[in-house]
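**Student:** predicted model, plus sequence, below.
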Amino acid sequence: MGAQDFRTLYERLRRAARSGPDGGRRGALRHLTPARVAAAAAGVRLGRTVSLAAPIETRPGPDNPEPAKHRMTGPAPGEAGADGLHFALDRFAMNVHGDADSHLDALNHVLYDGELYDGVPAGDATAPEVRSLSVDLVGEGIVGRGVLLDVPRLRGVPWVEPGDHVTADDLTAAEAAQGVRVGPGDLLLVRVGHRRRRRELGAWDAARSRAGLHPRALAFLAEREVAVLGGDGNNDTAPSAVAGVAFPVHVLAVQAMGVHLMDYLQLEDLAGACARAGRWSFLCVVAPLRLPGATGSPVNPIAVL
């Protein structure tokens, strides 16, 4: 995709995101109304819950040079077998925006041309208008209708190969094949099979090579008024389809459209559950940590079928 074509698409999606009568700092979450949340809850049929998160990685690997650090800090030596009350304790630290662990990107995560979403200047991370776009914005959680579009299932392959793009045509074809339609306020999850490939072939340097959405596919999200986008990879393809813009999908989704992203989810269990149930929509509950001013959070989304 040429630089000018990308700029044209960027400006178009940015204008559309700002033109709605109910726009503002909530971004695409404005499409997720209380009525749509209630409708999503009413759609639960089986009462089965499925986690969409991968276990947090604590060992280094090709895609995870800075793994999360977890250690037991208690009980103190000699306390475990001693009489009386004692506690097991933990300490945990992680690089939220790595290439292995499931996480959510807030609207203050992506800077482009010196701005964040909604034209907010990106200079002062502590400024009130910048903090208003942080993960605080979703501190009450995101709950709505989730829809899984399974692109490897559509193509008849175990996974989409690294470097390959998911197009808008793939998304509409997956809808037709699965008998589901993405609509306003939906949490759209796109499976490319990243986790299955990693499990079967081993980890690789996903920063250099991974499957993801083509930038033009973001027009599909805008037309359908999607509230949240999640994927089992980074959502962006590597190498990038746009010279000079390493993460065009992040730029379009987060910075231009105000769409919260969830990266590196684990969608294999959900794909199997949906196939067995014969339905590809479900209640989806996303509960980020309450980290004041943060650009993202580890996350364990739950699908309820």
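**Tutor:** In hand now; what should we look at? Owing to the predicted nature of the structure, the values given are computational and were not obtained by experimental measurement. Numbering: from 1, shown residues only.
**Student:** buried residues, stretch 167-176. List them.
**Tutor:** Buried residues in stretch 167-176, counted by 16 or more other C-beta atoms under 10 Å: 168, 170-171, 174-175. C-beta coordinates here come from the backbone N, C-alpha and C atoms, glycine included.
**Student:** who's in contact with that stretch?
**Tutor:** The contact list for stretch 167-176 (C-beta atoms under 8 Å, 6 or more residues apart in numbering) reads 149-151, 153-155, 181-182, 190, 214, 216-217, 219-220.
**Student:** avg pLDDT for stretch 162-178?
**Tutor:** Mean per-residue pLDDT for stretch 162-178: 97.
**Student:** meant to ask about stretch 61-74
**Tutor:** 92.
**Student:** likewise stretch 214-222?
**Tutor:** 97.
**Student:** same check, this time on stretch 266-283
**Tutor:** So the average pLDDT for stretch 266-283 ends up being 97.
**Student:** likewise for stretch 117-126?
**Tutor:** In this model, stretch 117-126 has a mean pLDDT of 84.
**Student:** what's the end-to-end length of it?
**Tutor:** Stretch 117-126 has an end-to-end distance of 16 Å (criterion: C-alpha to C-alpha, to the nearest Å).
**Student:** for the chain, what's the longest helix?
**Tutor:** Ranked by residue count and defined by DSSP state H, the top helix of the chain is helix 3-19.
**Student:** what's the burial count for the residue nearest to residue 69 when sequence neighbours are not counted?
**Tutor:** Spatial nearest neighbour of residue 69, excluding adjacent residues (C-beta to C-beta, 6 or more residues apart in numbering): residue 93 at 4.8 Å. By the measure other C-beta atoms under 10 Å, the count of residues near residue 93 is 9.
**Student:** then residue 137?
**Tutor:** 20.
**Student:** residues contacting it?
**Tutor:** 25-27, 29, 106-107.
**Student:** repeat that for residue 47.
**Tutor:** Contact analysis of residue 47 by C-beta under 8 Å, 6+ apart lists 304-305.
**Student:** and it, what pLDDT?
**Tutor:** Per the predicted model, pLDDT is 94 at residue 47.
**Student:** distance check, it against residue 282.
**Tutor:** Remark: distance between residue 47 and residue 282 (C-beta to C-beta, to the nearest Å) = 11 Å.
**Student:** before we move on, back to that, what packs against the longest helix of the chain?
**Tutor:** Using 3 or more C-beta pairs under 8 Å, 6 or more residues apart in numbering; DSSP states H and E, the elements in contact with helix 3-19 are helix 218-224.
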